[in-house]
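Trainee: Here's my sequence, what's the structure:
(2 chains)
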Amino acid sequence: MAPANLKYAKTHEWLSLNGDVGTIGISDFAVKELTDLVYMGLPNVGKKLNAGEVFGEIESVKAVSDLYAPVSGEVIEVNSNLPNDLDLLSKDAFGKGWLIKIRLSNPAEVASLLDAAAYERECAAGH
Amino acid sequence: MNDLVHVILDEPQSGVWNMAVDEALLEESLRSGTVFLRLYRWSEPTVSLGYFQKETELRHDPRFANLPSVRRLSGGGAILHHHEQTYSCSLPPSHRLAQQPYQLYVEIHAIFAAWLTECGVQITPRGSNSDRKEEPFLCFLREAAPDLIVRGHKILGSAQRRRRGAVLQHGSLLLRASEHTPELFGLCELNPKFPDTIVAADQFAKRLASCLGDVFVTGELPGPVRAKATKLANERVATDSSIAPNWKVPIDQISTD
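Mentor: Okay, here's the model as predicted:
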């Protein structure tokens, strides 16, 4: 179930906002759809991202999928535990499985993201 | 299903070109909504690395030291492309199989299995994924549920790239063993009567296309795809990056566990 305090992109990334710092992850729905995660690539600290831009990749069952920035900003922290322990994503996608933190450059973009109810409708529709 | 499938029967080409074309087809499916199916081969023995594989593993194996190499967009293990039939298909986000990408493995492999059975080859789907902690370097020594098996040997494996809802899937059917990987048997070793020359025939393309759409046309690589592939291939040759890792995390931070 998607936590109500987060915002979501249709591409299954979530955003938690604390001032101008956003924590970004992927939803447990996406993790379950991907199954058997084996590799992940994430950006370096300092990388500037535009909303919708690819910021990483994840491999599961020989399929590599792109990860998209839900909002624009500069990467200020990367979850360094993740590449070596992808179980964190399976066990706690909305918590310890967070991917990156960014300092938002255009906070107004948050308004275009989905709330939990709208995101769950998207998932239910198979998107 | 009312999808028109554009079928491309390509001549053998270099690894850099083959991978550039597959990426360009994925981009074109995303841009224009076109469904593509491509059958192709390789102009020289070439090693392709899975997207996240380490180049050092390739360089440590003397068998592959002098062979050209290229990195795939897709995941999985390394493949020595030599005596094989390769296919790729790219689907736009609206396609039913782009919305259930695992089913794409299942349906494409089922068509290969049916056709090989008609050719007198006894096929067994593997049916389960490996639970090994350490995967072998070579794809054809790895185990995944959709693999097709003949007398205990994997002869068809596929992998995917998913981008903004579009899906590229490509796969290799081993026709004969290569002198570079003699431990990997192809259909000719496993079934000496197997007619490898008919793999790329129009009829087989039609069968594969039938699971992607209900109408198909055979033609050349579309101009925009050729232009995009040329740009991608030239960039990789110019920057010597055909094998360079694209991922964002430094190599030593990527676990193989």
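Trainee: Contacts for stretch A:24-39 next, please.
Mentor: With C-beta atoms under 8 Å, 6 or more residues apart in numbering or on different chains as the test, stretch A:24-39 has contacts from A:2, A:8, A:12-16, A:55, A:58-61, A:63, A:65, A:67, A:69-70, A:83, A:86, A:89-90, A:93-94, A:97-102, A:119, A:123, B:51-52, B:75, B:102, B:129, B:247, B:254-255. Where you see a C-beta, it was placed from the backbone N, CA and C, and this is true even at glycine.
Trainee: Quick check: which element contains the nearest residue to B:Phe52 once chain neighbours are set aside?
Mentor: Closest residue in space to B:Phe52, ignoring its immediate chain neighbours: A:Tyr39 at 3.9 Å, by C-beta to C-beta, 6 or more residues apart in numbering or on different chains. Using DSSP states H and E, A:Tyr39 falls within strand A:37-41.
Trainee: and that strand, which strands flank it?
Mentor: With DSSP bridges as the test, strand A:37-41 is paired with strand A:54-60 (antiparallel).
Trainee: Show me what the next helix or strand after the strand it pairs with is packed up against.
Mentor: Going down the chain from strand A:54-60, the next helix or strand is strand A:63-68, by DSSP H and E. When contacts are defined as 3 or more C-beta pairs under 8 Å, 6 or more residues apart in numbering or on different chains; DSSP states H and E, strand A:63-68 packs onto strand A:54-60, strand B:153-163.
Trainee: now the ones you listed in CSV, with distance to B:Arg38 and mean pLDDT?
Mentor: Putting those into CSV (distance: least, C-beta to C-beta, whole Å; pLDDT from 0 to 100) gives the following:
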stretch, distance to B:Arg38, mean pLDDT
strand A:54-60, 23, 93
strand B:153-163, 13, 95
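Trainee: returning to that earlier point: quick check, distance from the helix or strand following the strand holding A:Tyr39 to the centre of its chain.
Mentor: Downstream of strand A:37-41, the first helix or strand assigned by DSSP H and E is strand A:48-49. Relative to its chain's centre, strand A:48-49 lies at 14 Å (C-alpha atoms, centre = their mean, to the nearest Å).
Trainee: and strand A:48-49 with chain B, contact?
Mentor: No - using C-beta under 8 Å from any C-beta of the partner chain, we find that strand A:48-49 stays clear of chain B, coming within 10.9 Å at best.
Trainee: For that strand, give me every contacting residue.
Mentor: So strand A:48-49 is contacted by A:43, A:55, A:69, A:72-75, A:102, A:105 (C-beta under 8 Å, 6+ apart).
Trainee: show me the contacts for B:Pro146.
Mentor: B:Pro146 makes contacts with B:105-106, B:109, B:125-126, B:157-158, as judged by C-beta under 8 Å, 6+ apart.
Trainee: What about the contacts of stretch A:24-39, which are in strands?
Mentor: Among the contacts of stretch A:24-39, DSSP state E puts A:8, A:13-16, A:55, A:58-60, A:63, A:65, A:67, A:100-102 in strands.
Trainee: Now stretch B:213-233: average pLDDT?
Mentor: Stretch B:213-233 shows a mean pLDDT of 93.
Trainee: What of stretch A:119-127?
Mentor: Here the average pLDDT along stretch A:119-127 is 84.
Trainee: Centre of the chain to that stretch, how far?
Mentor: 16 Å.
Trainee: What of stretch B:35-43?
Mentor: Taking mean C-alpha positions (C-alpha atoms, centre = their mean), stretch B:35-43 and its chain are 9 Å apart.
Trainee: in the stretch 51-200 of chain B, which ranges drop under the pLDDT threshold?
Mentor: B:132-133, B:195-200 (pLDDT under 70).
Trainee: got the contact list for A:Tyr8?
Mentor: So A:Tyr8 contacts A:2, A:14-15, A:27, A:70, A:113-116, A:118-119, A:122 (C-beta under 8 Å, 6+ apart).
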